[in-house]
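Asker: Next come a sequence and a model predicted from it.
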Amino acid sequence: RIMASVIPYTSVIYPESDGKPMGETDVHIKETVRLRQLLERFYAGQRVYVSGNLLVFYEQGNPRKFFVPDVFVVKGIEPGERRFYKLWVEHRVPNVILEVTSRKTKRQDTVVKPGLYRQLGVAEYFLFDPTQDYLDPPLQGYRLAGEEYQGIEAGEDGSMASEQLGLRLAPEGKHLELYRLDSGERLLTAEEALVLEAAARQAAEEARRAAEAELARLRELLSRREIS
């Protein structure tokens, strides 16, 4: 568990990188970035920190004790850029961690990290395999019950509900789509939102022109009747 007080370690240097690549393939890298951006948009304007591929140090004074989640969400703290994340400084463990699993990370994601996350008190932990080569089923989730993780039951479509996020996680091809539990609305990327807004503006403009044309037709018809 996190230490309540902060002990000064002025001589300890905490690295900002573990020297490992962000992801194994383009598919894994793109999906990791996409999921982080979706969650950042979802929590915009709230006291929620969303990050990923950031070193999270969990033992004060020991720079070797860290983990690097693909995507993680911490509720109740200010968002903003951080060089790394120290549990004893932030006084908050991630509420949710999401790992995009690959061949190289499968053992870490399924064997090593769950034990550490359980000890630290991470409430929910999800694993997603975008290529569907290393996990069966491709989406797996765990929720902390007391001091142990319990598997989250999946729906017929393989989706799972995250109580911490208020979202339903649904594997759809190479993507993990996120849907709001309250409305069923799918979270959109910035690009998707722009396309949708542009389509809505175009539809509104076409409706305005059609209304103006109909009004002109009715005026013309009325004018002819008055003349006759």
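Answerer: Sure thing, it's come through. Numbering: from 1, shown residues only.

Asker: for the longest helix along the chain, packing partners?
Answerer: When the chain is parsed with DSSP state H, its longest helix is helix 190-227. When contacts are defined as 3 or more Cβ pairs under 8 Å, 6 or more residues apart in numbering; DSSP states H and E, helix 190-227 packs onto helix 26-42. Yep, even glycine has a C-beta here, placed from its N, CA and C like the rest.

Asker: Just the C-alpha atoms of the helix it packs on, please, in PDB.
Answerer: Extracted C-alpha coordinates of helix 26-42, given in PDB (Å, rounded to 0.1, in the frame of the first residue of the first chain):
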ATOM      1  CA  ASP A  26       2.100  -0.500 -35.400                       C
ATOM      2  CA  VAL A  27      -1.300  -2.100 -34.500                       C
ATOM      3  CA  HIS A  28      -0.400  -2.100 -30.800                       C
ATOM      4  CA  ILE A  29       1.000   1.400 -30.900                       C
ATOM      5  CA  LYS A  30      -2.000   2.900 -32.700                       C
ATOM      6  CA  GLU A  31      -4.500   1.200 -30.500                       C
ATOM      7  CA  THR A  32      -2.700   2.300 -27.300                       C
ATOM      8  CA  VAL A  33      -2.700   5.900 -28.500                       C
ATOM      9  CA  ARG A  34      -6.300   5.700 -29.700                       C
ATOM     10  CA  LEU A  35      -7.600   4.400 -26.300                       C
ATOM     11  CA  ARG A  36      -5.700   7.100 -24.400                       C
ATOM     12  CA  GLN A  37      -7.100   9.800 -26.600                       C
ATOM     13  CA  LEU A  38     -10.600   8.500 -26.300                       C
ATOM     14  CA  LEU A  39     -10.400   8.500 -22.500                       C
ATOM     15  CA  GLU A  40      -8.800  12.000 -22.500                       C
ATOM     16  CA  ARG A  41     -11.700  13.300 -24.500                       C
ATOM     17  CA  PHE A  42     -14.200  11.600 -22.200                       C
END
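
Asker: Can you list the buried residues in that helix?
Answerer: Neighbour-count burial for helix 26-42 flags 28-29, 31-40, 42 (criterion: 16 or more other Cβ atoms under 10 Å).

Asker: Which residues outside it are in contact with it?
Answerer: 22-23, 50-53, 70-71, 73, 98, 100, 102, 128, 130-131, 165, 167, 174-176, 178, 187-190, 193 (Cβ atoms under 8 Å, 6 or more residues apart in numbering).

Asker: and the residues you listed, which of them are in helices?
Answerer: Per DSSP H, helices hold the following members of the contacts of helix 26-42: A190, A193.

Asker: orientation of the longest helix of the chain relative to helix 26-42 in degrees?
Answerer: Computed by axes from the mean of the first three to the mean of the last three Cα atoms, to 10 degrees, the angle separating helix 190-227 from helix 26-42 equals 60 degrees.

Asker: Offset the numbering so it begins at 41, please.
Answerer: With 41 as the first residue, the last one maps to helix 230-267.

Asker: Can you verify F166 is assigned to a strand?
Answerer: Yes - with DSSP: H, G, I helix; E, B strand; the rest coil as the criterion, F166 is assigned to a strand.

Asker: tally of neighbours for it?
Answerer: Applying other Cβ atoms under 10 Å, we find 24 residues neighbouring F166.

Asker: what do you get for W128?
Answerer: So W128, with other Cβ under 10 Å, has 16 neighbours.
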